[in-house]
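Structure, please.
(one chain, ligands or ions: 1)
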Amino acid sequence: MIHARRLSRGYRHRAKEIEAVREVDLDVAQGELVALLGPNGAGKSTLLRMLTTLLPPSAGSATVAGHDIVTDPAGVRSRIGYVGQRNAAGEEQRVHDELVLHGLWYGLSGSAARRRADEVVELLDLGEVAGRKPGTLSGGQRRRLDIAFGMVHHPPLLFLDEPSTGLDPQSRADVWRHVLRLRRERGTTIVLTTHYLDEADDMAERVIVIDHGRVIADGTAERLKDDLAGDRITVTLSDPEQGARAAGIAARIEGTGEVEIDGSDIRVRVPRADRALPRHLRELEAAGIEVSAARGHRPTLDDVFLALTGRSLEETNRQEVAA
Ligand SMILES: Nc1ncnc2c1ncn2[C@@H]1O[C@H](COP(=O)(O)OP(=O)(O)OP(=O)(O)O)[C@@H](O)[C@H]1O
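Numbers count the residues shown, from 1 in each chain. As a prediction, this is how the structure comes out:
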């Protein structure tokens, strides 16, 4: 569906060149659900805007849905849906009428546009609000309407730029339910951007991590965690004086890496926490070291980002919000 090679885009801002996207290679197959994950300013929107032909690349090439983004932008546009960060709806028409207008804009006949409006209203559960004006909808309903606009011409490939940003948790879950439904029932290929780690983790089957305009990791969330962050176990000792001995025992167990002592806690990196924990407990017990608590941690995607960049994505997002 998407093949991009060394796709790059710079901006000139106050006589300075910003390299927003740098030599990105990307292949997305039909039916995939891919999340582009990265902090604000990483280059996600710029990448999406190039793939949707809204912005020409400075260098590199890409085909999207079989058409070249530079030499055949009209071919690309007729086969994709794009839902940007801003609302697409006007305020004058009612929801259903707006959808019909969109269909006409895409070249459908009047009856085909009305039929298609009915279909997307059903697909995105907008029946209750079909007679209302967009300005009266809740944030989540409004976002679903935006997605409906992106689907009016039945595209096999849908791009969503931060579909859930700014929504409350319930509306976010609701938008996701509908995105997953599109994928399941229509086989739509979906590429979306997000800076919510939990979303990328729970919903997308493939996560592409972007930082400073480059792809720095690409895989399933589980794979990225296994390869880049690894599990950890934490064992709390009844007697903190035993820390050094316990750390020595842990370090000798096969597969163990990075042993840290923090007060009465010993933290150890292991390939699989569920398997390593019983073994560590047995060895400590055999050495007469009493353990008062023990737990295993599966890494999060933030641990992956931290391992890759030395920064926490969650922390970076928080600082952006505060700034
Ligand atoms: N029109 C523009 N002119 C100058 N610089 C720009 C322009 N648009 C984006 N940039 C810069 O390019 C870089 C990438 O921005 P982009 O919006 O693609 O990132 P993003 O990952 O989508 O972030 P966000 O989540 O905030 O949308 C940033 O440094 C941004 O400031």
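
From now on I want contacts and neighbour counts done on CA atoms only, so please keep to that.
Fine.

So which bits of stretch 253-268 are buried?
Using 16 or more other Cα atoms under 10 Å as the test for burial, stretch 253-268 gives 256, 257, 259, 260, 261, 264, 265, 266, 267, 268.

and that stretch, how far apart are its ends?
Using Cα to Cα, to the nearest Å, the end-to-end distance of stretch 253-268 comes to 10 Å.

what's the answer for stretch 176-194, then?
12 Å.

What residues sit buried inside the worst-scoring helix or strand of the chain on mean pLDDT?
Using mean pLDDT, DSSP states H and E, helix 313-322 stands out as the lowest-scoring helix or strand of the chain, at a mean of 76. When neighbours are counted by 16+ other Cα under 10 Å, the buried residues of helix 313-322 are found to be 313, 314, 317.

how much does the helix or strand where residue 305 lies deviate in direction from helix 313-322?
In this assignment (DSSP states H and E), residue 305 forms part of helix 301-309. Here helix 301-309 points in a direction 90 degrees away from that of helix 313-322 (axes from the mean of the first three to the mean of the last three Cα atoms, to 10 degrees).

Just the buried residues of helix 301-309, please?
Of all the residues in helix 301-309, those buried under the rule 16+ other Cα under 10 Å are 301, 302, 303, 304, 305, 306, 308.

Let's see it as PDB, backbone CA atoms only.
What follows is helix 301-309 as a C-alpha-only set of coordinates in PDB (Å, rounded to 0.1, in the frame of the first residue of the first chain):
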ATOM      1  CA  LEU A 301       6.800   1.400  25.000                       C
ATOM      2  CA  ASP A 302       8.100   4.300  27.000                       C
ATOM      3  CA  ASP A 303      10.900   2.000  28.300                       C
ATOM      4  CA  VAL A 304      11.600   1.300  24.600                       C
ATOM      5  CA  PHE A 305      11.700   5.000  23.700                       C
ATOM      6  CA  LEU A 306      14.000   5.600  26.700                       C
ATOM      7  CA  ALA A 307      16.300   2.700  25.600                       C
ATOM      8  CA  LEU A 308      16.500   4.200  22.100                       C
ATOM      9  CA  THR A 309      16.800   7.900  22.900                       C
END
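
Mind listing residues that contact it?
Helix 301-309 has contacts (Cα atoms under 8 Å, 6 or more residues apart in numbering) with 197-198, 201, 209, 216, 221, 224-225, 228-229, 311-314.

Restricted to helices, list those residues.
Taking DSSP state H, the ones among these that sit in helices are 197, 198, 201, 221, 224, 313, 314.

Next, please give the residue ranges for the strands of this protein.
2-13, 16-28, 33-37, 59-64, 67-68, 80-83, 157-161, 189-194, 206-211, 214-219, 231-237, 257-262, 265-270, 291-297 (DSSP state E).

surely residue 197 meets residue 39?
No: between residue 197 and residue 39 there is no contact under Cα atoms under 8 Å: 9.9 Å.

in the protein, which ranges drop under the pLDDT threshold?
Scanning the chain for pLDDT under 70 picks out the ranges 86-91, 320-323.

Pull up the residues of it that are close to the ligand.
For the chain, the residues in contact with the ligand (Cα under 6 Å from any ligand atom) are 11, 12, 13, 20, 39, 40, 41, 42, 43, 44, 45, 46.

that older thread, next one: the least confident helix or strand of the chain to chain centre, how far?
Centroid displacement of helix 313-322 relative to its chain, using Cα atoms, centre = their mean, to the nearest Å, is 16 Å.
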